[in-house]
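A.B. asks: generate coordinates for the sequence data below:
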Amino acid sequence: ESQRAKELSDEVFKWASGEPFFLIDLHTTTANMGVTLVLSKMDRLSARVIKRICDQDPSYHVLLNSDRDDECIFVDSMAPHGLLIEIGPVPQNVYDPRVITLMEKVVVETLEALLEEEASLPTPGPIEVELFQEGPAVKFPGAINGQLTTIVHPDLVGRDYEPLKQGMSVFVDTQGQCVHWQGEDVYPVFINEAAYLTQETAFITTTKANIKF
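C.D. replies: Model (predicted):
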C-alpha cells in the first residue's frame, strides 16, 4: 500500500502542477465498515468538512488515523487538507456498481461540504467532532511461520464499530476452543480485513472520543 501511495503521489503532483490543496483518497474494504470518513490530519478544515457530511447522514462513521500528519502514508496526507473515504464490505477484485454509486455520492457530498466551508471563510472557531480513535492492532494468536491457527469468532465477524467487552468471544481455534477478550472495552474496526492477513492482523481497536479541532 505504501508503494502504491508513492506511485499515486507522483501522479498527483504531475496533474496538480504543484501542491494540491484538498485530496480525497478512495478506498474499499472487505470489512463491514459501511461509509467511514478517515482523518489523517489534526486539521480544522478537513474536520469541518467531515462534520458537515455527517450532519447530513449520521450513519457515516468518522475514524481518526493512528498515523497522522507526517507519519501517514495515505495519499490524502500529501495535501494540507483532505480525507479518506472507506466503504465496505466489498470483496476484493469485484466491481460492484452499488458501491461505485455510493462512493460517487460521498465524493459529491465532500465537494459540496468543501465549497460551503470555503464560502464561509474566514473559518469559524474550533469545532468538536465525535469519532472513533484508532488504537493498537490485534493479531491472530498462535500463528506459526505466517500460518494462522485461529480465525475470528463468528460472533465477532461483521460487527465493526460495535462494542467489544471483556469476556466476549474473539477467536476460535481448529479444535473449537474460544479465545475471549480480556482488555478494556473497545470498538473493533477492519475486522477480518483481507489486506491485513499478511500482517496477521485480525482487527484494529478504537475508542470513542470527542476531539476538538
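
A.B. asks: residue boundaries of the helices in this structure?
C.D. replies: 2-15, 44-56, 97-119 (DSSP state H).

A.B. asks: list the residues that contact the closest residue in space to residue 34 that isn't next to it in sequence.
C.D. replies: Of all residues not flanking residue 34 in the chain, residue 61 sits nearest, at 6.2 Å (Cβ to Cβ, 6 or more residues apart in numbering). C-beta coordinates here come from the backbone N, C-alpha and C atoms, glycine included. For residue 61, the contact set (Cβ atoms under 8 Å, 6 or more residues apart in numbering) comprises 33-37, 131-132, 161.

A.B. asks: could you redo the residues you listed as JSON lines and give each row neighbour count, pLDDT and distance to residue 175?
C.D. replies: Formatted as JSON lines, those follow (neighbours: other Cβ atoms under 10 Å; pLDDT from 0 to 100; distance: Cβ to Cβ, whole Å):
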{"residue": "33", "neighbour count": "23", "pLDDT": "99", "distance to residue 175": "31"}
{"residue": "34", "neighbour count": "16", "pLDDT": "99", "distance to residue 175": "34"}
{"residue": "35", "neighbour count": "19", "pLDDT": "99", "distance to residue 175": "38"}
{"residue": "36", "neighbour count": "23", "pLDDT": "99", "distance to residue 175": "35"}
{"residue": "37", "neighbour count": "24", "pLDDT": "99", "distance to residue 175": "41"}
{"residue": "131", "neighbour count": "23", "pLDDT": "98", "distance to residue 175": "39"}
{"residue": "132", "neighbour count": "23", "pLDDT": "99", "distance to residue 175": "34"}
{"residue": "161", "neighbour count": "17", "pLDDT": "99", "distance to residue 175": "30"}
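
A.B. asks: tell me the one among those nearest to residue 168.
C.D. replies: residue 161 (14.7 Å; Cβ to Cβ).

A.B. asks: may I have stretch 79-95 as CSV, with CA atoms only?
C.D. replies: Taking C-alpha atoms only, stretch 79-95 is exported to CSV below (Å, rounded to 0.1, in the frame of the first residue of the first chain):
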residue,chain,number,x,y,z
ALA,A,79,-2.1,17.9,0.8
PRO,A,80,-2.6,20.3,3.7
HIS,A,81,-6.3,19.2,3.8
GLY,A,82,-8.2,16.1,2.8
LEU,A,83,-9.9,12.9,3.9
LEU,A,84,-10.0,9.2,3.1
ILE,A,85,-13.3,7.5,2.2
GLU,A,86,-13.5,3.8,3.1
ILE,A,87,-16.6,1.8,2.0
GLY,A,88,-17.2,-1.9,2.8
PRO,A,89,-17.8,-4.7,2.8
VAL,A,90,-16.6,-5.2,-0.8
PRO,A,91,-15.0,-8.4,-2.0
GLN,A,92,-11.5,-7.9,-3.5
ASN,A,93,-11.3,-7.6,-7.3
VAL,A,94,-15.1,-7.3,-7.6
TYR,A,95,-16.7,-4.3,-9.4
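
A.B. asks: buried residues, it. List them.
C.D. replies: 79, 81-90 (16 or more other Cβ atoms under 10 Å).

A.B. asks: what about the residue in the chain sticking out farthest from the centre, distance to residue 47?
C.D. replies: For the chain, the largest distance from the centre (Cα atoms, centre = their mean) belongs to residue 175, which lies 33.0 Å off. Counting by Cβ to Cβ, to the nearest Å, the gap from residue 175 to residue 47 is 47 Å.
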